[in-house]
Every structure is written in structure tokens, then in C-alpha cells.
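Student: fold the following, please.
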Amino acid sequence: VRKLASSEKKSQHRDSASSYGHIFDERTKRDISAVALIVLSIALFAMVFMGSEGVVTGAISLGLRFCFGIGAYVLPFLLIGLAATLLIRFEREMVPARVAIGFGLLFLAFLTIVSLFTPGADVDPNRLFIQVLLVDHGGYLGGAIAWAGLELFGLTVSIRQCWWHIPFISWALPWRSSLR
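Tutor: Sure, this is the predicted structure:
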């Protein structure tokens, strides 16, 4: 009887010790992450769309435009979509991660396709990095991928790769586990 009572106390002590270090459960962490993403996307929306006169916000806005080009206008909406997947309760835990990877690949494909349609880029791929064209198209990120595609494969194959393969992989990724 003593052994049984002492083993019960040890198991209760172990259970309380393991839950002691965790303040929030997994669901609460995802909800907090979703709210943080929504706040971040609203701040990015305000910086990109409304312009900013402050030093820090102006630098962030300009940096976003140089990195993502016109994708800086799409990014806040993608972040809100990602936050929505974090708030929706799925049976499988990996769905938001797969949706985030899919959104990221679609965003890269979008930036690359927009950069591939930079005027004169098929003749001289270095035109992708002209400052005026950079901000109006895919930014440095899309321009770098488009430049590599134009140098290695040419315009037709690069457009085909971005137009067909990357979006298909992005679409199929979140559903991969349900197709088994």
C-alpha cells in the first residue's frame, strides 16, 4: 500500500512539473501569432499604401519596395491570409505551415513573373536591376530569380517554369497529406 501511494505522489509531481514550465498551450500560441501577424500586416499596409513621412517607417517602406517591388502591395494581404489559417482550427497541425510555404512559393513566382516582364529584360537581363524598373516590377528578390532564369534558360522557359510548376507545387503542398 505504501508503494502504491508513493508512486501516485510521484506521478502527480511529474505531471505538475511538466505542465509547470508552459504558460500557454499550443492553441493559445497560435492565436497570439495570428493576432501579431494581423497587426504586422496592418502596419505594413499603412506604410506601403499611405506612404510615410517618418524616418523609420519611410526606410521600411522604401526597403519593402526595393526588396519586393509591387509585391510589397500584395504582402500585407498574404500575411492576413496566413493569420486566418492560424486562427482556423484544423484537425491536422501542419496545415498552417504548409499554407505558409505555399503562399511563399506563390509570392516568389509572382515576383519572378512580374520581373520577367520588365521591358528589355529578355535582351539585357541586367535591366532588371535599374532602380526605376526595380521598384515597379518584382524588386530585388523577383529580379534575382528572373535574372538567373533569363541567363540560364531564356525568357520562354523561365516564364513556363514560374507560370506552371511553382504554382502547382504551391497548390499541391497543403493538400499533400490528404491525398495519401
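Student: what ranges do the helices span in this protein?
Tutor: Here the chain has its helices, by DSSP state H, at 2-20, 26-49, 55-68, 71-87, 95-116, 131-136, 139-152, 155-160, 166-172.
Student: how about the ones you listed in CSV, adding mean pLDDT?
Tutor: Formatted as CSV, those follow (pLDDT from 0 to 100):
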stretch, mean pLDDT
helix 2-20, 50
helix 26-49, 90
helix 55-68, 90
helix 71-87, 91
helix 95-116, 86
helix 131-136, 91
helix 139-152, 93
helix 155-160, 83
helix 166-172, 67
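Student: count of residues packed around R30?
Tutor: Neighbourhood size, R30 [other C-beta atoms under 10 Å]: 19. Using the backbone N, CA and C atoms, a C-beta is placed for each residue, glycine as well.
Student: before we move on, what about V135?
Tutor: Neighbour count for V135, taken as other C-beta under 10 Å: 17.
Student: skipping its backbone neighbours, what lies nearest G81 in space?
Tutor: What sits nearest to G81 in space, not counting adjacent residues and going by C-beta to C-beta, 6 or more residues apart in numbering, is F103, at 6.6 Å.
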